[in-house]
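A.B. asks: pasted the sequence and its predicted model underneath.
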Amino acid sequence: MAIYERLVDTLNTLPSLPDGYVMHPAALDDLPEAVEMFNACSRALTGKDEFTLERYRSEWLVPGVNLDTDIRVVLSPAGRIVGCMEFWDLAEPHVRYNVWGRVHPEHQGRGIASALLHWAERRGLQSIPRAPDDARISMMGWLAGEDAAAHRVYEAAGFNLIRHSWRMKIELDAPPPAPVWPAGITVRAYVPGQDERATLTCERESFRDHWGYLERPFEQDLKMFEHFVNNMQDFDPALFFLAMDGDQVVGISLCEPRAHDDADMGWVDTLGVLRSHRRRGLGLALLQHTFGEFYRRGTRKVGLGVDASSLTGATRLYERAGMHVYRQFRTYEKELRQGADLSTQAIE
């Protein structure tokens with residue numbers, strides 16, 4: 001009952017928007033204007049556009065996303081989109097809700113971000129009945145380190161800074177060292193229509209040791225994996241590298257031809273190695289193989305994202321491979337219900 005009382009309180013105390021601004025559910029027709037607003041924010045923070053219409057369309061079409069209930073946009077008095085907030089709760093066990101939002105730089109400081117964030121919390125409270133009894137439930141948001149204004153909004157709304165993540169990159173002034181594969185390991189490219197399940201199985205097993213991992217039903221994960229692969233801009237299966245031990249996928253390096261924030265940089269979306277095959281040099285070999293392929297294609301920068309306090313020591317591996325940090329992000333969390341944490345917090 002306390003949860004629903006809190007829901008009512010939240011509904012009654014939702015911060016109001018400035019006069020003339022209105023909030024309503026998003027629609028696909030909003031995408032071009034929303035993406036331009038996102039890029040205005042990116043240019044203010046980093047001087048670059050980070051979003052494309054094609055890439056972002058795939059985000060709003062992810063299986064399970066309901067534009068009517070899960071995404072809100074704010075219109076200015078002139079009828080332009082100046083704010084957006086997304087609420088993500090797509091799979092069981094429904095205990096962690098991710099939020100992501102932006103407010104146009106020219107409209108910040110007017111309470112729009114606070115109103116959107118409180119809407120997201122209200123949306124999260126409505127999802128609590130879907131979670132297992134006695135499980136801890138939280139909302140999380142990832143903010144660019146440069147975005148000091150957003151940090152203040154999240155902290156004022158009761159979110160706590162709990163973690164940092166990095167984007168790391170390497171500049172390839174010369175061909176990288178040739179990979180040295182552990183005995184019995186070979187590498188091959190991903191085959192669409194054949195390797196989805198084996199690749200996802202390896203990814204799930206590899207990331208069970210990563211902080212915050214939540215076990216989700218395989219078929220739900222598979223739908224998500226297939227959606228992102230099928231809608232990946234410039235998808236190239238030759239850049240999905242599978243490390244094989246016999247007929248088992250034991251390591252993966254799943255890459256995109258270009259990074260979101262730098263068209264001249266290749267991007268490693270996912271790098272993972274099964275626990276049974278770690279500490280044998282396989283992760284380094286996969287990285288060097290990846291770097292080598294990008295170098296062969298004429299790409300002289302390669303980047304990836306990583307938990308700054310990786311439980312598996314991934315940051316040390318990337319540094320050993322010659323990578324360095326070029327951007328930092330902060331992870332904020334707000335607990336909505338106390339209980340048992342179902343996510344990975346440490347390696348057992």
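C.D. replies: Ah, there it is.
A.B. asks: residue contacts, the spatially most central residue of the chain?
C.D. replies: Centroid-nearest residue in the chain: W142, 8.3 Å away (criterion: Cα atoms, centre = their mean). W142 is in contact with N98, W100, S165, F329, R330, T331, Y332, counting by Cβ atoms under 8 Å, 6 or more residues apart in numbering. Every C-beta, even on glycine, is put in place using the N, C-alpha and C of the backbone.
A.B. asks: for my notes, confirm it occurs in a helix.
C.D. replies: No: W142 is assigned strand when assessed by DSSP: H, G, I helix; E, B strand; the rest coil, not a helix.
A.B. asks: counting by contacts, list what the longest strand seen in the chain packs against.
C.D. replies: Secondary structure of the chain per DSSP state E: the longest strand is strand 324-337. Other elements packing on strand 324-337 under the criterion 3 or more Cβ pairs under 8 Å, 6 or more residues apart in numbering; DSSP states H and E are helix 112-127, strand 137-144, helix 148-156, strand 160-171.
A.B. asks: buried sites along the second one?
C.D. replies: By neighbour count with 16 or more other Cβ atoms under 10 Å, strand 137-144 contains the buried residues I137, S138, M139, M140, G141, L143, A144.
A.B. asks: could you pull up phi and psi at N230?
C.D. replies: For N230, the backbone dihedrals (degrees, to the nearest 10) come out as phi -70, psi -20.
A.B. asks: shouldn't A238 be within a helix?
C.D. replies: Yes: judged by three-state DSSP, A238 forms part of a helix.
A.B. asks: next, count neighbours for it.
C.D. replies: 11 (other Cβ atoms under 10 Å).
A.B. asks: pretty sure it is in contact with A189, am I right?
C.D. replies: Yes: A238 lies in contact with A189 (Cβ atoms under 8 Å); the separation is 4.9 Å.
A.B. asks: what does the pLDDT read for the closest residue to P132 other than its chain neighbours?
C.D. replies: Among residues not flanking P132 along the chain, P93 sits closest, at 5.5 Å (Cβ to Cβ, 6 or more residues apart in numbering). The model reports P93 with a pLDDT of 97.
A.B. asks: quick one: contacts for P93?
C.D. replies: Neighbours of P93 in contact, by Cβ under 8 Å, 6+ apart: A131, P132, A135, L214, E215, R216, L342.
A.B. asks: lowest average confidence, helix or strand, in the protein?
C.D. replies: Taking mean pLDDT, DSSP states H and E as the measure, the chain has helix 2-12 as its least confident helix or strand, at a mean of 53.
A.B. asks: understood, closing this out.
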